[in-house]
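# Sharing a model prediction with you, sequence too.
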Amino acid sequence: MHDPNDARQVREAERRDKQAQERVADDLCAVMATEFGRRFVHGLLGLCDIRSDGYVPGGLEAQRHQDYRAGRRSIGIELLGELERHAPDMTELMSAEARFNEIETEWAAWAAEEQNDG
């Protein structure tokens, strides 16, 4: 059992917390170091719908849906905060790659449409 008055136990708990935080930072940096990892994380953030306000009008069922969306959004905001804290350059690169991929997909769809029309 942890005794908050025991200085040795407090230092040990702080050391374990710091180690856990460093492990999270290392893991995030490792994932964000690859294009595949950045694409995966971007997809996760998209699922979290962090840019929405989360409001759902309506009665009790809408409130449940709103609570569900708020939970998803909360996780996404926390993940984005960790990314910006531990891998800010890779977070910017992830966003740039996502924008490029979106434009590339739009161009490919336009080209396919033109080819089918022509």
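Okay, I see it. Numbers count the residues shown, from 1 in each chain.

# Quick one: distance of stretch 77-84 to the chain centre.
6 Å (Cα atoms, centre = their mean, to the nearest Å).

# Please apply the same query to stretch 77-85.
7 Å.

# in it, what counts as buried?
Neighbour counts using 16 or more other Cβ atoms under 10 Å place 79-80, 82-83 of stretch 77-85 among the buried residues. C-beta coordinates here come from the backbone N, C-alpha and C atoms, glycine included.

# now do stretch 86-105
Buried residues in stretch 86-105, counting neighbours by 16+ other Cβ under 10 Å, are found at 86-87, 90-91, 94, 98.

# now stretch 27-39
Across stretch 27-39, burial judged by 16+ other Cβ under 10 Å covers 28, 31-32, 37-38.

# which outside residues touch that stretch?
40-41, 82-83, 86-87, 90-91, 93-94, 97-98, 101 (Cβ atoms under 8 Å, 6 or more residues apart in numbering).

# which of those lies closest to residue 23?
residue 86 (10.9 Å; Cβ to Cβ).

# Please pull up the helix or strand immediately following the helix or strand hosting residue 14.
Following DSSP states H and E, one finds residue 14 within helix 7-32. The C-terminal neighbour of helix 7-32 among helices and strands, as given by DSSP H and E, is helix 35-48.

# Keeping just the C-alphas, turn that next one into CSV.
In CSV, the C-alpha atoms belonging to helix 35-48 read as follows (Å, rounded to 0.1, in the frame of the first residue of the first chain):
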residue,chain,number,x,y,z
GLU,A,35,4.0,7.5,-42.9
PHE,A,36,1.8,4.5,-42.1
GLY,A,37,1.7,5.5,-38.4
ARG,A,38,0.8,9.1,-39.2
ARG,A,39,-1.9,8.0,-41.6
PHE,A,40,-3.3,5.7,-38.9
VAL,A,41,-3.3,8.4,-36.2
HIS,A,42,-4.9,10.9,-38.6
GLY,A,43,-7.7,8.3,-39.2
LEU,A,44,-8.1,7.8,-35.4
LEU,A,45,-8.4,11.6,-34.9
GLY,A,46,-11.0,11.7,-37.7
LEU,A,47,-13.0,9.0,-35.9
CYS,A,48,-12.9,11.2,-32.8
